[in-house]
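Visitor: everything below, folded, please.
(2 chains)
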Amino acid sequence: MSNGLLEQFILESREGLQRISEILITLEEKGEDKGLLNELFRLVHTMKGNSGLFDLPSMTKLLHASEDLMNLVREGKVPYSSEIADILLSAMDIVSTMLDELETSGSTSSETNSSAEEKAKEIRSFIEAKITEPKDISQTKELQEEVKPEDKKLVFNPSLIPEEVRMITVKKMLEGDKVYFILYTPEAECFYKGEDPFYLVRKVPSLIWGRCYLREEVPDPSLMDIYRCITNFELLSFASHEDLSEHFKYVLDQVKFVELKPTDLIIPEGDRNGGPVYEDFVSEARKYLEENNLETFKNAVRGLLELTSPKLYHASILRWIDLLFDYLPKTKNIIEALLQSLETGNPPIFEVKKEISISPEISIKMSLPKEFLDILETQRIIVEKIKNIEDALLKTNILKSIFLAIEKGLTSLKRTDLLDEIKEIAEKTTPNNLKPLEDWLNRVREAQPEPFKELEEPKQPECLERPELPEQPEQIKPEPSATPITSRVLKVDESKIDRLMNLVGEFVVAKNSLAYLAQKADAVYGVPELSKELKAQYSVLNRISEEMQDAIMQVRMVPVSTVFQRFPRLVRDLSKKLGKKVKLILEGEETEADKNVIEALADPLIHIIRNSLDHGIELPEERVAKGKPEIGTIILRAKQEADQVVIEVIDDGRGIDPEKVKLKAYEKGLISEEQFEKMKDTEALNLIFLPGFSTKEVASDLSGRGVGMDVVRTTVEKFGGSVSVKSTLDKGTVVTLSLPLSMAVSHVMIIESACEKFGIPMENVVETVRVSKKDIQTIKGKMTTVLRNKVVPLFYLNALLDIKQPHLTNEDGEYAVLVLSVKGELVGVIVDRFHETADIILKPFTGFLAGLRLFSGTAIMGDGSVLLIINPKELINAGRN
Amino acid sequence: MPVEIKKKEAKLTGVLGIEEAEELFNFLVEKKKPKVDLSEVEHLHTACLQLLLVFKPDVVALPQDKELALWFL
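Guide: The predicted structure follows:
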């Protein structure tokens, strides 16, 4: 995962969840405790707040509901009970599942979202029940039951919808579109949350019609609270349920969807009196309809319609019939009912409508996935089997699990219609009366489309053969709470890691001593066997220590995104300030490197990006004039190359003019006239890194960049990295930083000069060669030699270190030359002798010695001696001066 | 200015945010028979819409935006 903030949130939330469940359980054991209750509330409150930072409305809602419940407990309004603990624990389980999903996929699944929403509703209704709990509990139950069926009915009055709109809608439905009626009741405080329900409503996908109305009366408008929302919205849309849920995802609890049937909207309206006599027409019409003589029927209807005043009730019926013609034969029943109404003058009675609203078969038929039907089938078989069980407890428990399986399944499928049904069935079904459940299961089975039933038949025997009850739990969808999810992330103080790292470092040094001991065993004590064994042991320890190092490095690794994250904001703010249009692209944010390296990157990167914005990217007009896209691009790219992390800052701005840079450097006296003449463009670009170059005056004069580039280089080099710049005029600039992945253990080559040993970082060492005295030529007082057709300058190490001793040669009169790469150039350094390479823990100089720039630090060797580590860049600089 | 008041008539223009609700409210409370001209409205915040529902001022011109106008029919 690349989002550090989210990672942090997951980490902290897990800790929170852990503590919450601990507290809930302690509370259950010890009873109410003010301190613990307060802590509990705070934890949930914090988590809720944190979740609000991310796009997790369902989680926030669930935590909000939990928080409210805990608040009531805390304030003593509701006594703490194990029931509350159960509710809260299961809510926390859902949160935990959501966190897991977040970690693996970066988002929560719609299934858990909906279960979170449901849980939140459950908690809310629990709270309501607790607050308004009257003395007589049975009374409330009855009340609730009374309200429930009412709730399910259509809450809207279709005659409020203009007839034309209803006609268009019915056409859509008859053409196969699903149409939803939506009632949106925004909460009263929604304005304070920055919500604008009307805006949301206007953006509803595939909106057909809508109206707004006040849900409560305002007795005195002049005293009204204008920031309290009392407006409701009613809408018709033919978007899918999914799209609508997605659209209203933040306010799902305030929205009701009802799928409409054509007959819900076919409501003739108008004046019922007057107009021609219709009896004859109706009987004729029926005849035409039976005979399927549609043309004549159509003409008759249209003819009559012309004779009838459009405001009459009968005209309305005729208009509907006219519309329904085109969709025969499925609309035959409806037309018949309308004809009936025409005859009697009473509102039409649609038989179909009754069927639809009462029997659940139709809705089942619509969509139950085969897998779930298989499970239902298995439940049916189990019901068959438990009939013979005599143990009442066993029977009850199995029954419970059957309902649980079905309910969970329906919840996941979001079939709330069936869910309500099964809940009713569950209340009616007892161990001694399994009939309601059996009936329901059979009905669902019957209601399946034909092809599916055929498919089912051959499957049945297989189901029957299955082993009986022990199999059953497998059918149940695993519940989130069934598997306790424990945190797999450990939060450790950084100093502990540092200590571990130091210890590993010491271990590496101690391990190195074994190599010396092996040598000594052979050379001094003359026991070659022991020496051999020691060496074998050494290699084992070596391997382990390498792995240890690697492991500890991994612990310290941080993705570069932790640094990159701040740049979008920086670029946004700066580009606005400068009046430029810039797009920042981040690449390779997941690249990891040592924490210290990453931290070291931050400042140089800010410098570079600021330069790109300030001097690189041109103003929009200038860009357009140059034929470039108006919006400039800065790419911030991280990648790993061997043991280096490479960061590139690429802009498509005006680039750096090497001539101007050269000129400026010459004027500043940073380069000689000779250098000025000879310098290549690529070399010239590197001049911007010179310390004297970065003055304000230069930066504003130059079309290129220049601010603080020497600071960038110094910082990067301090961490063993390098920086380079490439630029094409008017095309753009690329600044590349490369830094070692980790800085803990350095690999050095040990050399000897004047009986002293020194370490040289391996990354600078190119090769070791022997150069004969006679191959050394002196050009203009400087020693050089030719290596592989290249002139390489040579230096005596002793001279560089101010040691007054000549260098040793071997028997053939050859010098030992260490070829180094310094700032991309080859340099030969003459030393006395080469030794092995070693892993060392570099300790930089501190205090008075910190100014000693020739050496980058010291390391303790296995034999206890101190090794000075040479800083090649400074060494060669010293030689040049 | 999204709300421009001339005697008994308020002309609403562009997008009316929740910030405009108070001004609109004051206008609707103060005038006996307030009138509103919605022809130039692009969107109005629910709070403003709600005020129109509560005070039922005379709408002298519907929004030119046909979709929006439907809400005031």
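Visitor: count of residues packed around the closest residue to chain A within chain B?
Guide: For chain B, the residue closest to chain A is B:Thr46, as judged by CB to the nearest CB, at 4.1 Å. Every C-beta, even on glycine, is put in place using the N, C-alpha and C of the backbone. Residues contacting B:Thr46 under the criterion other CB atoms under 10 Å in any protein chain shown number 25.
Visitor: which of the helices or strands spans the spatially closest residue to it that is not a sequence neighbour?
Guide: In space, not counting the residues next to it along the chain, B:Thr46 is nearest to A:Phe198; the distance is 4.1 Å by CB to CB, 6 or more residues apart in numbering or on different chains. Assessed by DSSP states H and E, A:Phe198 sits inside helix A:197-202.
Visitor: what sits up against that helix?
Guide: Counting by CB atoms under 8 Å, 6 or more residues apart in numbering or on different chains, helix A:197-202 makes contact with A:184, A:186, A:190, A:207, A:210, A:212, A:229, A:231, A:233, A:235, A:247-248, A:251, B:43-46, B:49, B:67-68, all of which sit outside it.
Visitor: looking at those, which are in helices?
Guide: Taking DSSP state H as the definition of helices, these contribute A:247, B:46, B:49, B:67-68.
Visitor: for chain B, which residues score under the pLDDT cut-off?
Guide: B:1 (pLDDT under 70).
Visitor: now swap in the stretch 101-250 of chain A and tell me
Guide: For the stretch 101-250 of chain A, counting by pLDDT under 70, the residues that fall below are A:133-156.
Visitor: how about 90 then?
Guide: Residue ranges of the stretch 101-250 of chain A with pLDDT under 90: A:101-181, A:187-195, A:206, A:208-209, A:211, A:213, A:215-226, A:238-243, A:245-246, A:249-250.
Visitor: re the thing from before, just the C-alpha atoms of the helix holding A:Phe198, please, in CSV.
Guide: As requested, C-alpha coordinates have been extracted for helix A:197-202 and formatted as CSV (Å, rounded to 0.1, in the frame of the first residue of the first chain):
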residue,chain,number,x,y,z
PRO,A,197,-29.6,17.8,-0.8
PHE,A,198,-31.2,19.7,-3.7
TYR,A,199,-27.9,19.6,-5.6
LEU,A,200,-27.6,15.8,-4.9
VAL,A,201,-31.1,15.3,-6.1
ARG,A,202,-30.6,17.3,-9.3
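Visitor: which parts of that helix are buried?
Guide: When burial is assessed from 16 or more other CB atoms under 10 Å in any protein chain shown, helix A:197-202 yields the following buried residues: A:197-198, A:200-202.
Visitor: please identify which of these is nearest to A:Pro629.
Guide: Closest approach between the buried residues of helix A:197-202 and A:Pro629, by CB to CB: A:Arg202, at 33.7 Å.
Visitor: can you list the residues of chain B near chain A?
Guide: For chain B, the residues in contact with chain A under the definition CB under 8 Å from any CB of the partner chain are B:18, B:21-22, B:25, B:28-29, B:43-47, B:49-51, B:53-55, B:67-68, B:70-71.
Visitor: out of those residues, which end up buried?
Guide: Among the residues of chain B next to chain A, those that count as buried by neighbour count (16+ other CB under 10 Å) are B:18, B:21, B:25, B:28, B:43-47, B:49-51, B:53-55, B:68, B:70-71.
Visitor: who's the residue of the stretch 701-850 of chain A found nearest chain B bridged to?
Guide: Chain B sits closest to A:Gly732 of the stretch 701-850 of chain A, with a gap of 39.4 Å, by CB to the nearest CB. According to DSSP bridges, the residues that bridge with A:Gly732 are A:Thr728.
Visitor: contact partners for it?
Guide: Residues counted as contacts of A:Gly732 (CB under 8 Å, 6+ apart) are A:616, A:650-653, A:655.
Visitor: list the buried residues of the helix or strand containing A:Val504.
Guide: Assessed by DSSP H and E, A:Val504 sits inside helix A:494-523. Across helix A:494-523, burial judged by 16+ other CB under 10 Å covers A:500-501, A:504-505, A:507-509, A:511-512, A:514-518, A:520-522.
Visitor: which elements pack onto that helix?
Guide: Other elements packing on helix A:494-523 under the criterion 3 or more CB pairs under 8 Å, 6 or more residues apart in numbering or on different chains; DSSP states H and E are helix A:528-556, strand A:833-841.
Visitor: what's the angle from the shortest one to helix A:528-556?
Guide: Angle, strand A:833-841 to helix A:528-556, by axes from the mean of the first three to the mean of the last three CA atoms, to 10 degrees: 50 degrees.
Visitor: who does strand A:833-841 pair with, and is each partner parallel or antiparallel?
Guide: According to DSSP bridges, strand A:833-841 has the following sheet partners: strand A:745-753 (antiparallel).
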